[in-house]
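> 3D, please:
(one chain, ligands or ions: 1)
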Amino acid sequence: MKRTHLGAVVALAVLALALAGCGGSDDEGSGTTTETTTTSETTTDTTAASGSTLTASVGPGFDISLTDANGAAVSTLSAGEYTIEVNDQSDIHNFHLTGPGVDETTDVGGTGTESWTVTLEAGSYHFQCDPHASTMNGDFEVSG
Ligand SMILES: [Cu+2]
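The predicted structure follows:
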């Protein structure tokens, strides 16, 4: 959605103004910029147990994530079977997971939730939004 992208740009502009310390006189009013800066730079190390449920999310902005039951970004997992609850919140993004034995994706144009049961093997896994693969992506490792 273009609107959300524009919103992010506006939020950045507002932030820049705030940092510059100039008391802008526009109609921003209650500039509640409580947007959490979710990036793929989360360094929390996670080792979820086989059989647990993970949450995959993409959108509504340009955000993509895979988190465990505690909301921590997944970085390492033990091999085994997992349930992945996928929440595709945008009709311009998809969630595409690939790795040894796994190639699952949501539709770019579709939205909504899906539940995948995947068997993860030792190796490197990658997830991305295909239309924005260079900026919307993440990786995790599975150990046997
Ligand atoms: Cu995208």
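
> Write out the residues of this protein neighbouring the ion.
By the rule Cβ under 5 Å from the ion, the part of the chain lying against the ion is His93, Cys129, Pro131, His132, Met136. For every residue, glycine as well, the C-beta is placed using N, CA and C.

> Tell me which two of those residues sit farthest apart.
Maximum pairwise distance among the residues of the chain next to the ion (Cβ to Cβ): 8.4 Å, between Pro131 and Met136.

> Now pLDDT and secondary structure too, for the residues of the chain next to the ion, in TSV please.
Formatted as TSV, the residues of the chain next to the ion follow (pLDDT from 0 to 100; DSSP: H, G, I helix; E, B strand; the rest coil):
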residue	pLDDT	secondary structure
His93	98	coil
Cys129	98	coil
Pro131	98	helix
His132	98	helix
Met136	98	coil
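
> Can you check my assumption that Glu85 lies in a strand?
Yes - the assignment for Glu85 by DSSP: H, G, I helix; E, B strand; the rest coil puts it in a strand.

> All the helices of this protein, residue numbers only.
Secondary structure of the chain (DSSP state H): helices at 2-20.

> what about it, any weak spots by pLDDT?
Scanning the chain with the threshold set as pLDDT under 70 gives 1-48.

> just to revisit the earlier point, nearest to Asn70, of the residues of the chain next to the ion?
Asn70 lies nearest to Met136 out of the residues of the chain next to the ion, by Cβ to Cβ, at 22.6 Å.

> Quick check: Thr139 touching Tyr125?
To be clear, residue 139 is Asp; Thr isn't right here. Yes - with contacts defined as Cβ atoms under 8 Å, Asp139 counts as touching Tyr125 at a distance of 6.8 Å.

> Which members of the residues of the chain next to the ion are classed as buried?
Buried members of the residues of the chain next to the ion, scored by 16 or more other Cβ atoms under 10 Å, are His93, Cys129, Met136.

> From Glu81, how far off is the second one?
Okay, so that is Cys129. 25 Å (Cβ to Cβ, to the nearest Å).

> and if you look at the first one?
Distance from His93 to Glu81, counting by Cβ to Cβ: 26 Å.
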